[in-house]
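Asker: when you get a sec, could you give me coordinates for this:
(chains A and B)
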There are 2 protein chains.
Amino acid sequence: MSKLSLVDDAFLRLESRRQPLHIGMLMLFEPPADAPPDFAARLAERLGKSVQAVPPFNQRLAQRRGLHYWQEDDDFDLAHHFVHMSLPKPGRIRELLAVVSRVHSVHLDRAYPLWRMYLIEGLEDGRIAVYLKIHHSVVDGVAGIRMLMKSMSNDRAVSAEMPPPWEVGAASNKMQAMPIPVPAVEGFSALKLMAREGVNAAMPVIRRVRQTLREFRNGDPDIALAGEAPRSLLNSKLSATRRFAAQQYSTPRMRAVGKAAGATLNDVVLAMCGGALRRYLLSLGQLPDKPLIAGVPISIRRDDTAFGNEVAFTIAHLATNVEDPLERLQAIKRCMDKNKERLQAFSPAQVMAYAATMLMPGALNMLFGRSQHNALGSVVVSHVPGPREDIYWQGARLTGLYPASLLFDTLALNITVISRHDYVDFGLIACRKSVPQMQRLLDYLEDELAALEARVGIVASRAVTSAVPATPATSSGKPPAAPANKRPATRRKPVSRKEPA
Amino acid sequence: MSKLSLVDDAFLRLESRRQPLHIGMLMLFEPPADAPPDFAARLAERLGKSVQAVPPFNQRLAQRRGLHYWQEDDDFDLAHHFVHMSLPKPGRIRELLAVVSRVHSVHLDRAYPLWRMYLIEGLEDGRIAVYLKIHHSVVDGVAGIRMLMKSMSNDRAVSAEMPPPWEVGAASNKMQAMPIPVPAVEGFSALKLMAREGVNAAMPVIRRVRQTLREFRNGDPDIALAGEAPRSLLNSKLSATRRFAAQQYSTPRMRAVGKAAGATLNDVVLAMCGGALRRYLLSLGQLPDKPLIAGVPISIRRDDTAFGNEVAFTIAHLATNVEDPLERLQAIKRCMDKNKERLQAFSPAQVMAYAATMLMPGALNMLFGRSQHNALGSVVVSHVPGPREDIYWQGARLTGLYPASLLFDTLALNITVISRHDYVDFGLIACRKSVPQMQRLLDYLEDELAALEARVGIVASRAVTSAVPATPATSSGKPPAAPANKRPATRRKPVSRKEPA
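Answerer: Take a look at the predicted model:
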């Protein structure tokens, strides 16, 4: 029996009926060209016989004197955890997203180890989908991706012989993270870390906080603060129902825009999100005057082998008040550059302490005397590095890796992005009720990328007309079956936008 | 806006993470012989366009000053409520039961009207399945069946033109019931009713309670009392995960046993349940010495048109301490006869008050000074009358109507039975974790029916060997595709027993 860390425990205690706190990952795989038609069914049968689970997959919660512990499940029941599903015809991506939306809305049962994996067949293009769901008290997003990678290989033949993730497990059982700002918890962790580093470590943090606030008060437009976000529908109370949407955009295309504008890939991600949200809120007549504020987690993990994960939040505005796409990208870049500059000299503990202080709305308001009518933030945009080469699982090539993150009440949208060598995979999760027709953001992201290309003078391989929603491949429901790396400079649309309205 | 009744409200307040309080109904339909192969897909598409919902299907919860109200959902979102699914190949009943088990485990979202309907295709025998899930605060089982029947017809052609259930709605918006003993709530309702009938109505109830206890104390083996159930695994703490199992048995076969033994169809249902539970607990080495106690709801509905439903509980022992099947049936019959005799002279209010008093463990223990180590009951066995003729929905013939009821903590198994003209459909719902391999009860039910036939001298159309579990049709996963009414005297196995272990 091992006791949960304070942070991991918080994810159990903060969980509620409308706020499940697991994370998910939708993976798309392309079977080998010579695969039999029942490839998925055979795979499901084979995996269903792999009933030996290792930590953390065989650990369930135990409670003693109010504290949570992990203990080995002596009654491990693979049929509860591994589920074989099929899409109804025609098996478009919209049917897949509808299934993942439903499954992601559901709590994990604490009587069992806190994960489930769904093997989904029936996609019309012959690919198979895997959706893995795991509680955030077990693993964070970055560690989760690594854990998955341990059951994959860059050699197709080797991958076909590898055991499933639950028989491979994690390198270390120590896993924690903060992908979402939870000020109280994060503040506590930071304090603990700071205590370890000594009192002197605190001074630069305090000085930096003061300086940031001073700059903001002096009207520096490149400073974004938590608690300064304008209220919008993104700050709605959550329902218990989620909508998941996913789409990938060409990495070379996004990098080219970044290069032309002197910005990073992450700046381009944020600019696309800002532009897409501006279009979305405009279409609803609900765009606030002030720019939306994004919580942007940055990894401060130094040790690349352990599962221990320390993530701090920076705050960026998304320049949604700016009309021109390139100006938006530049404004976001300036904001992020200032963020990085501020954090550069800090130790991990100092970064966390700084982030925690900046996120604590009470503290800021006290120092600040500002309005309570604003929200802590508008949206969380995470960007996590994924594999940088072709990779295979059970003999099938990975063609998409879409994260489905978690939502906290009054933060009704999360955009998590995984960048790989060929594609940047966007996974959007939202409250179905309070962010209506959220899947339209997928079109707007594409429109924004195209508009950026036009603005920096890149002639894209497709017609760029940002006023006309780009619909062809997806609305007909036919993602191209061609391998992704054949046309790396163009958009591939394996994941489409429209669920049944 | 209409306020919820006290009883309906209780179903919201008693709901918890491990204890969702919706009920479900699995329906199997046989498309017409000349149906196109995409019958289900076309049906799904057509129904998906029927976006006009009427009460109770368009009503969602509102809360004001701590009270619950129903109000019309001005943002009705059919895609949330109506879901099209497909089974993975081979599409056996075991795949269907696995899907229904998963879906039934999930809470309904209170931000929406409290129902969902799943149209499930992909059954290898060409039938289509519909699983309807609705919160018990909206409708009880009996009213739910009637509501469904309103969108069906005994004329196939007529049925094909009828709107879906959510466009038909309920006759009345007043719906309530108590299919599960909730003493505190039921006691309160009873008191309210008694108050209406005057104080004099209470005296016969009190006299009857006293007499029953006296008889029990004098050792009458035909009296069963709540609170006298021996502890067994059926009294486990619930997990959040359910297993659903379903099977149908020939009505004529069961009636013939009843006739030969001078018992009712309901007595035969209870005897089959008792015998199956005895076999199940014996196989686990966990059969208690004292007989299991079943809560058996009896309808005291006088008005057949309104949705208002008054259900009282009687308590029956299941004679699980008796080895001989016929002796078990006779013992159960004597117990049920005494129950009926006791209640005959009562008004509905008196029946409820009597049942509530008998169910109140505190009250009984006070009067009684008995052990606290016993459980309130072992299992709930409900028997609800279904349609008595062939009936059609959207042009397809109904061939099975399996209820999935709800569980309360420490009552980890519910058996609900719907009797129709050709088959008696058993729906079993249990906590997956605490009632291991519950689906084996389906075999034991059949074994018990066969053993009863042998004991009363009926030569069944199949070999009766109760020591050998009857497995052929189901373990091969091939339910016969022949219509149910072709061989009414034999068991049909459209719903099989084994989910992946």
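
Asker: could you point out where chain A is predicted with low confidence?
Answerer: Along chain A, the model assigns pLDDT under 70 to residues A:171-202, A:226-227, A:299-312, A:348, A:352, A:355-374, A:460-501.

Asker: close to chain B: what parts of it are there?
Answerer: A:17-18, A:38, A:41, A:44, A:48, A:75, A:77, A:79-80, A:83-89, A:98, A:102, A:105-107, A:109-112, A:121-122, A:239-241, A:432-433, A:499-501 (Cβ under 8 Å from any Cβ of the partner chain). (Each C-beta comes from the backbone N, C-alpha and C, glycine too.)

Asker: so of those, which ones are in strands?
Answerer: A:83, A:84, A:85, A:86, A:121 (DSSP state E).

Asker: which residues pair with the last one across the strands?
Answerer: Which is residue A:121. Residue A:121 has these beta-bridge partners by DSSP bridges: residue A:86.

Asker: state the helix or strand in which residue A:132 lies.
Answerer: Assigned by DSSP states H and E, residue A:132 falls within strand A:128-135.

Asker: may I have the next helix or strand along the chain from that strand exported as CSV, CA atoms only?
Answerer: Downstream of strand A:128-135, the next assigned helix or strand under DSSP H and E is helix A:141-149. What follows is helix A:141-149, C-alpha atoms only, in CSV (Å, rounded to 0.1, in the frame of the first residue of the first chain):
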residue,chain,number,x,y,z
GLY,A,141,-0.9,13.8,-19.6
VAL,A,142,2.8,13.8,-20.2
ALA,A,143,3.5,10.8,-18.2
GLY,A,144,0.5,9.1,-19.8
ILE,A,145,1.9,9.6,-23.3
ARG,A,146,5.2,8.2,-22.2
MET,A,147,3.5,5.2,-20.6
LEU,A,148,1.7,4.5,-23.9
MET,A,149,4.9,4.9,-25.9
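
Asker: which other helices and strands does the following helix or strand past helix A:141-149 contact?
Answerer: Downstream of helix A:141-149, the first helix or strand assigned by DSSP H and E is helix A:156-160. Applying 3 or more Cβ pairs under 8 Å, 6 or more residues apart in numbering or on different chains; DSSP states H and E, one finds that helix A:156-160 contacts strand A:392-393.

Asker: how far does the strand it packs on sit from the chain's center?
Answerer: With Cα atoms, centre = their mean, to the nearest Å as the basis, strand A:392-393 stands 21 Å off its chain's centre.

Asker: elements contacting it?
Answerer: Counting by 3+ Cβ pairs under 8 Å, 6+ apart, strand A:392-393 packs on helix A:156-160.

Asker: what lies in contact with the helix it packs on?
Answerer: Helix A:156-160 is contacted by residues A:32, A:152, A:153, A:391, A:392, A:393, A:394, A:395, A:396, A:397 when judged by Cβ atoms under 8 Å, 6 or more residues apart in numbering or on different chains.

Asker: can you do 6 Å?
Answerer: By Cβ atoms under 6 Å, 6 or more residues apart in numbering or on different chains, the residues outside helix A:156-160 that reach it are A:152, A:153, A:392, A:393, A:394, A:395.

Asker: then stretch A:112-127?
Answerer: A:28, A:30, A:40, A:44, A:57-60, A:73, A:80-87, A:90-91, A:108, A:128-135, A:138, A:479, A:481.

Asker: the residue positioned nearest the centre of chain A in helix, strand or coil?
Answerer: What sits nearest the mean C-alpha location of chain A, by Cα atoms, centre = their mean, is residue A:416, with 2.4 Å. With DSSP: H, G, I helix; E, B strand; the rest coil as the basis, residue A:416 sits in strand.

Asker: so how far is residue A:426 from the spatially closest residue to residue A:338 that is not a sequence neighbour?
Answerer: Leaving aside its chain neighbours, residue A:338 sits nearest to residue A:222 (5.4 Å; criterion: Cβ to Cβ, 6 or more residues apart in numbering or on different chains). Distance of residue A:222 to residue A:426, computed by Cβ to Cβ, to the nearest Å: 25 Å.

Asker: same check on residue A:138?
Answerer: 24 Å.

Asker: buried sites along stretch A:323-336?
Answerer: Buried residues in stretch A:323-336, counting neighbours by 16 or more other Cβ atoms under 10 Å in any protein chain shown, are found at A:325, A:326, A:328, A:329, A:330, A:331, A:332, A:333, A:334, A:335, A:336.

Asker: and those residues as a markdown table, adding distance to residue A:64 and secondary structure?
Answerer: Converted to a markdown table, the buried residues of stretch A:323-336 look like this (distance: Cβ to Cβ, whole Å; DSSP: H, G, I helix; E, B strand; the rest coil):
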| residue | distance to residue A:64 | secondary structure |
| --- | --- | --- |
| A:325 | 55 | helix |
| A:326 | 58 | helix |
| A:328 | 52 | helix |
| A:329 | 52 | helix |
| A:330 | 55 | helix |
| A:331 | 52 | helix |
| A:332 | 48 | helix |
| A:333 | 50 | helix |
| A:334 | 51 | helix |
| A:335 | 46 | helix |
| A:336 | 45 | helix |
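
Asker: now for the residue nearest to the centre of chain A: which residues touch it?
Answerer: Contacts of residue A:416 were listed using Cβ under 6 Å, 6+ apart, and they are A:382, A:403, A:405, A:427.

Asker: what's the answer for residue A:431, then?
Answerer: Contacts of residue A:431 by Cβ under 6 Å, 6+ apart are A:238, A:239, A:412.

Asker: out of the residues you listed, who has the most neighbours?
Answerer: Counting neighbours by other Cβ atoms under 10 Å in any protein chain shown, residue A:412 leads these with 26 neighbours.

Asker: hang on, isn't that residue packed against residue A:236?
Answerer: Yes - using Cβ atoms under 6 Å, residue A:412 is in contact with residue A:236, at 5.0 Å.

Asker: tell me, what's touching those two both at once?
Answerer: With contacts taken as Cβ under 6 Å, 6+ apart, residue A:412 and residue A:236 have residue A:434 as neighbours in common.

Asker: what's the neighbour count on residue A:320?
Answerer: Applying other Cβ under 10 Å, we find 28 residues neighbouring residue A:320.

Asker: SS state for it?
Answerer: Criterion first, three-state DSSP; result for residue A:320: coil.

Asker: over to it: give its phi and psi.
Answerer: phi -70, psi -10 (degrees, to the nearest 10).

Asker: any idea how far residue A:449 is from it?
Answerer: From residue A:320 to residue A:449 the distance is 16 Å (Cβ to Cβ).

Asker: equivalent analysis for residue A:45, please.
Answerer: Relative to residue A:449, and taking Cβ to Cβ, residue A:45 is found at 41 Å.

Asker: neighbour count: the two, which is higher?
Answerer: residue A:449 (27 against 11).

Asker: which residue does the stretch 51-200 of chain A have closest to chain B?
Answerer: Closest contact between the stretch 51-200 of chain A and chain B, by Cβ to the nearest Cβ, is at residue A:111 (3.5 Å).

Asker: quick one, phi psi at the spatially closest residue to that residue that is not a sequence neighbour?
Answerer: Leaving aside its sequence neighbours, residue A:111 sits nearest to residue B:239 (Cβ to Cβ, 6+ apart; 3.5 Å). When read as degrees, to the nearest 10, the backbone of residue B:239 gives phi -90, psi 180.

Asker: give me every residue that touches residue B:239.
Answerer: With Cβ under 6 Å, 6+ apart, residue B:239 has these contacts: A:109, A:111, B:431, B:433.

Asker: apply 10 Å and report the result again.
Answerer: When contacts are counted by Cβ atoms under 10 Å, 6 or more residues apart in numbering or on different chains, residue B:239 touches A:80, A:109, A:110, A:111, A:112, B:18, B:105, B:412, B:431, B:432, B:433, B:434.

Asker: got a list of what the third one touches?
Answerer: It stands for residue A:110. So residue A:110 contacts A:12, A:15, A:60-63, A:68, A:135, A:137, B:17-18, B:239-240 (Cβ under 10 Å, 6+ apart).
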